[in-house]
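1. My questions are about this predicted structure, shown below with the sequence.
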Amino acid sequence: MEFYEVINKRRTVREFENETIPSEVIQRILHAAFQAPTNDHMRDWHYIIIRDKANAARLLDLIPKGISDADMNALIRDWNLNDSLQQDCYRHAVPKQYQMLFDASAIIVPLLKQKTDTLHPESISHLNAFASIWCSIEHIFLAATAEGYGCNLRVPLGNEAAYAREVLGFPDEYFIPCFIGIGKPKHGIAPVKQKEIDVKSRIHWEQF
């Protein structure tokens, strides 16, 4: 697939076919992840792959399996989501947080080694390692797209990260930025409408 075609086809996918991804394809996608830039040139990242459904169910146990209409409306109000397209995107995504990961062919759990306190940085430069692994995560999304697969992600909320550490057994010095679901996009699912941006109006030459 040509590079800009990959860029244009890259979407968050929350519904999947019941299809196994070959191990060599996952390894190829994660090899692409390690081609991402890193702040300290060490690429001190690890990726845990969960394909067994019993293990997936245990890992995802703290993630809500749905949301009531009242709670969804409260979320939209509390988060000041005033744009109708933005509201539609959240109404589409929030109820699927558990199922989109459980139904994926595999769950990928990225880990980065913390050299500073990621959640309480002393300066913006202390977030360099965190920024680097997000470059790596985007490589996963792009490589998956090039392979004919799709991904979604959930940033851990509440005790989900601590619980994932307990379930997966990774060391205390490693930080989990998100859960990634990967699989073959379900046939016939229409993409959620996104806000159209006039790119030229967002580009500023020399000064704002």
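-> Nice, I can see it.
2. hey, let's count contacts and neighbours off CA atoms from now on
-> Noted.
3. ok now do Thr20, which residues does it touch?
-> The contact partners of Thr20, by Cα atoms under 8 Å, 6 or more residues apart in numbering, come to 105, 183.
4. typo on my end, it should be Gly183
-> 16-17, 19-21, 104-106, 149-151 are the contacts of Gly183 under Cα under 8 Å, 6+ apart.
5. Recalculate using a threshold of 10 Å.
-> Counting by Cα atoms under 10 Å, 6 or more residues apart in numbering, Gly183 touches 13-21, 100-101, 103-107, 144, 148-152.
6. what's the longest helix in this protein?
-> Taking DSSP state H as the criterion, the chain has its longest helix at helix 128-146.
7. which other helices and strands contact that helix?
-> helix 3-9, helix 23-33, strand 45-50, strand 106-113, strand 150-154, strand 179-183 (3 or more Cα pairs under 10 Å, 6 or more residues apart in numbering; DSSP states H and E).
8. Put the buried members of the contacts of Gly183 into a PyMOL selection.
-> The buried residues among the contacts of Gly183 can be selected in PyMOL (16 or more other Cα atoms under 10 Å) with this line:
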select buried, resi 13+14+15+16+21+100+101+103+104+105+106+107+144+149+150+151+152
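9. Nearest residue to the residue sitting nearest the centre point of the chain in space, ignoring adjacent ones along the chain?
-> Centroid-nearest residue in the chain: Leu153, 2.5 Å away (criterion: Cα atoms, centre = their mean). Computed as Cα to Cα, 6 or more residues apart in numbering, the closest residue to Leu153 that is not its neighbour in sequence is Ile180, at 4.4 Å.
10. Where does Leu81 fall, secondary structure wise?
-> Per DSSP states H and E, Leu81 falls between elements, in no helix or strand.
11. which residues touch the nearest residue to Lys195 once chain neighbours are set aside?
-> Leaving aside its sequence neighbours, Lys195 sits nearest to Leu85 (Cα to Cα, 6+ apart; 6.5 Å). Contact analysis of Leu85 by Cα under 10 Å, 6+ apart lists 91, 192-195.
12. top of the residues you listed by neighbour count?
-> Highest neighbour count within the contacts of Leu85: Arg91, with 17 neighbours (other Cα atoms under 10 Å).
13. Look up which helix or strand that residue falls in, please.
-> Using DSSP H and E, Arg91 sits within helix 84-93.
14. ok, then the element right after that helix?
-> Next along from helix 84-93, by DSSP H and E: helix 99-102.
15. what's that next one in contact with?
-> 13-16, 51-57, 59-60, 63-66, 93, 96, 107-108, 151-154, 179-183.
16. what's the closest non-adjacent residue to Asn18?
-> Ser105 (7.2 Å).
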